[in-house]
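Enquirer: Next one to model:
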Amino acid sequence: MSCQRCKSERIASISSKSSDLNYIELGDREHNGYVPGDLGIGGGDYIQFNWCLDCGQIQGEFPVEGNLENEE
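Expert: All right, here's what the predicted structure looks like:
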């Protein structure tokens, strides 16, 4: 896999089981609980994403909805 922004091959695949112990702030909204499915970083019990170690770009399609209302 190469980075969608800078084409680097230095992509870290992040996968974590976090259960319902997540805290997220988005502007003036706060979320406690499962990972929302609309942030592009996983959903439900899991955080999963690919991250470029050269430019910092999280791989995927953007923009994301990111409204903290779509919980899995």
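Enquirer: can you list the weak-confidence ranges in the protein?
Expert: For the chain, applying pLDDT under 70 flags the ranges 69-72.
Enquirer: try 50 this time
Expert: Along the chain, segments meeting pLDDT under 50 span 70-72.
Enquirer: Going along the chain, name the strands of the protein.
Expert: Per DSSP state E, the chain carries strands over the ranges 11-17, 22-26, 29-33, 42-43, 46-52.
Enquirer: most neighbours per residue, which of those?
Expert: Of all these, strand 42-43 has the most neighbours on average by mean count of other C-beta atoms under 10 Å, namely a mean of 19. Bear in mind the C-beta positions are built from the backbone N, C-alpha and C, glycine included.
Enquirer: residues in contact with it?
Expert: For strand 42-43, the external contacting residues (C-beta atoms under 8 Å, 6 or more residues apart in numbering) are 34-37, 48-49, 72.
Enquirer: one step back: looking at the strands of the chain, which is nearest to S2?
Expert: Taking C-beta to C-beta, strand 11-17 is the member of the strands of the chain nearest to S2, at 7.3 Å.
Enquirer: Just checking: what are the partner strands of that closest one?
Expert: Strand pairing for strand 11-17, using DSSP bridges, gives strand 46-52 (antiparallel).
Enquirer: Quickly check the contacts of strand 42-43 for the two that are furthest apart.
Expert: Maximum distance among those (C-beta to C-beta): 15.9 Å, for Y34 and F49.
Enquirer: correct me, but H31 touches Y23?
Expert: Yes: here H31 lies in contact with Y23, judged by C-beta atoms under 8 Å, at a distance of 7.1 Å.
Enquirer: Looking at the contacts of strand 42-43, which are in helices?
Expert: Judged by DSSP state H, helices contain none of the contacts of strand 42-43.
Enquirer: from those, which is closest to C3?
Expert: Nearest to C3 out of the contacts of strand 42-43 is F49 (C-beta to C-beta; 12.8 Å).
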